[in-house]
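[1] Okay, predicted coordinates and the sequence, questions at the end:
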Amino acid sequence: MSSVISMPPAASELAGHVDALLWSVTAITAGVAIAIIVLLVTFSIRYRRAAAVDRMMRDAAGEHRHWLEITWIGVPFLIFLGFFFWGARLYFSYESPPAESLQIYVVARQWMWKIEHASGAREINELHVPRGRPVKLVMTSQDVIHSFYVPAFRVKRDVVPGRFAALWFTATRSGEYHLLCAEYCGTDHSRMGGRIVVMEPDAYARWLESRPHESSLASRGAAKFVTFGCSGCHVGSVVVHAPDLSHLYGRTIPLADGSFVRVDERYLRDSILLPSKEIAAGYADDMPSFAGRASEEDLLELIEYIKSLAPQPTVAGAGDSP
């Protein structure tokens, strides 16, 4: 059926589940539509004005047929409730990337996708990934709203300036697939595209090794950590009482207002740009904002460095961050 309407091939683990839900909803909806049309035609003929038939919905004893009313209300309700839970399960799966995912950073701007691997390898409008391994994209925009869309993977996520957006997938078929921007972002929006190249794990490892040997995100972040003066407060300072950033990423910490927050990319980004937003318990609101001073690339490098201070799950041959 998918070939009839020219759907792209299903090339990720999520794609098959999305297609199954789509075609199931389509089949049930089409069945209901056909049933309504058949009943409409049947009733139009049977209960036409000249027909001598009982038009009251009663049984032989004169009672209303409540079972019929319950059936035509209850059965569709249960069917569509089932679709709701099916879709919700897919949604929560889509929103929960595995801990061992290969993390890659994406910065959108008019009109291109800038992609950087944790090893330091960079790409423009191309993304090379290994087949069979979960890949998590951490994305942000430098200007307007964009939308990262890979039809073959059945994934799409808006990329909004001023925040991080995460998207993940596990590619199941080697090959090249279209990468599109699904949000109108300016005069050259139609040209903001690229390709996803899915490679066998060994081939991906060789490709990653063959890329120009630039410093990793974490090592550049370590240099920025000193350049921006972060090390003066967060590393053994006796003058400023600031949180220790080692082993911080991934933990759940208390805040000054009594709530708790998980230390992830979003929290680290906000702590750099909006330090008064979520103050860690036991610390004063002393940190200056780096909004306007740190670029999106600076933020990604600083965050990757802070993440490297905490133990990370590793998978052999994946090109993980240090």
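    Cool, the structure landed.
[2] For the rest of this, base every contact and every neighbour count on C-alpha atoms.
    OK.
[3] what packs against the particular helix or strand that has Ala203 in it?
    In this structure, Ala203 sits in helix 201-210 according to DSSP states H and E. Under the contact definition 3 or more Cα pairs under 8 Å, 6 or more residues apart in numbering; DSSP states H and E, helix 201-210 sits against strand 126-130.
[4] Parallel or antiparallel, list what pairs with the strand it packs on.
    Applying DSSP bridges to the sheet, strand 126-130 is found paired with strand 193-199 (parallel).
[5] The stretch 201-322 of the chain: strands as residue ranges?
    Applying DSSP state E, counting those that start in this stretch to the stretch 201-322 of the chain gives strands spanning 252-254, 260-262.
[6] any idea how far Val160 is from the residue nearest the centre of the chain?
    Against the mean C-alpha coordinate of the chain, by Cα atoms, centre = their mean, the closest residue is Leu167 at 2.5 Å. The gap separating Leu167 from Val160 is 13 Å, by Cα to Cα, to the nearest Å.
[7] Contacts for the host helix or strand of Phe148, please.
    Assessed by DSSP H and E, Phe148 sits inside strand 146-150. The list of residues contacting strand 146-150 from outside it, by Cα atoms under 8 Å, 6 or more residues apart in numbering, reads 108-109, 155-160, 177-185.
[8] can you count the residues close to Met7?
    12 (other Cα atoms under 10 Å).
[9] From Glu176, how far off is it?
    Distance of Met7 to Glu176, given as Cα to Cα: 15 Å.
[10] And Lys156, how close does it get to Leu179?
    10 Å.
[11] about what we covered before: which SSE is immediately downstream of the strand holding Phe148?
    strand 155-159.
[12] Quickly run through the sheet partners of that following strand, with directions.
    strand 146-150 (antiparallel).
[13] tell me the mean pLDDT over the partner strand?
    What strand 146-150 shows for mean pLDDT is 94.
[14] on that earlier part again, let's have the strands of the stretch 201-322 of the chain in JSON lines, adding mean neighbour count, distance to Cys230 and mean pLDDT.
    Shown next, in JSON lines, are those (neighbours: other Cα atoms under 10 Å; distance: least, Cα to Cα, whole Å; pLDDT from 0 to 100):
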{"stretch": "strand 252-254", "mean neighbour count": "14", "distance to Cys230": "20", "mean pLDDT": "89"}
{"stretch": "strand 260-262", "mean neighbour count": "14", "distance to Cys230": "21", "mean pLDDT": "89"}
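[15] Can I get the ones you listed in a markdown table including distance to Glu200?
    Output for these, formatted as a markdown table (distance: least, Cα to Cα, whole Å):
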| stretch | distance to Glu200 |
| --- | --- |
| strand 252-254 | 36 |
| strand 260-262 | 34 |
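[16] Of those, give the one that comes closest to Arg49.
    strand 260-262 (68.6 Å; Cα to Cα).
[17] Residue ranges in this protein under the pLDDT threshold?
    Counting by pLDDT under 70, the ranges of the chain that qualify are 1-6, 53-65, 213-214, 236-240, 311-322.
[18] Show me how it divides into domains.
    13-94, 102-210, 217-308 (automatic domain parsing).
[19] if we can go back for a sec, list just the one of the strands of the stretch 201-322 of the chain that sits closest to Trp72.
    strand 260-262 (46.7 Å).
[20] sorry, back to before: can you flag the buried ones in the contacts of strand 146-150?
    Of all the contacts of strand 146-150 considered here, the ones buried according to neighbour count by 16 or more other Cα atoms under 10 Å are 108-109, 155-160, 177-183, 185.
[21] any idea which of these is the one closest to Pro212?
    Nearest member of the buried ones among the contacts of strand 146-150 to Pro212, counting by Cα to Cα, is Ala108, at 22.1 Å.
[22] Next one: the closest one from Glu95, what distance?
    Taken as Cα to Cα, the span from Ala108 to Glu95 is 21 Å.
[23] And the helices in the chain?
    Using DSSP state H, the helices of the chain run over 13-46, 66-94, 201-210, 217-227, 231-234, 265-273, 296-308.
[24] most neighbours per residue, which of the ones you listed?
    Mean neighbour count (mean count of other Cα atoms under 10 Å) peaks for helix 296-308 among the helices of the chain, with a mean of 22.
[25] I'd like to check the angle between that helix and helix 265-273, please.
    Angle, helix 296-308 to helix 265-273, by axes from the mean of the first three to the mean of the last three Cα atoms, to 10 degrees: 120 degrees.
[26] And stretch 284-300, what's buried?
    Met287, Phe290, Ala294, Glu296, Glu297, Asp298, Leu299, Leu300.
[27] Check the spacing between the third one and Thr187 real quick.
    Read that as Ala294. From Ala294 to Thr187 the distance is 28 Å (Cα to Cα).
[28] likewise the second one?
    When distance is defined by Cα to Cα, Phe290 is 31 Å away from Thr187.
[29] Distance from stretch 259-275 to the middle of the chain?
    Distance of stretch 259-275 from its chain centroid, counting by Cα atoms, centre = their mean, to the nearest Å, is 19 Å.
[30] Alright, calling it a day.
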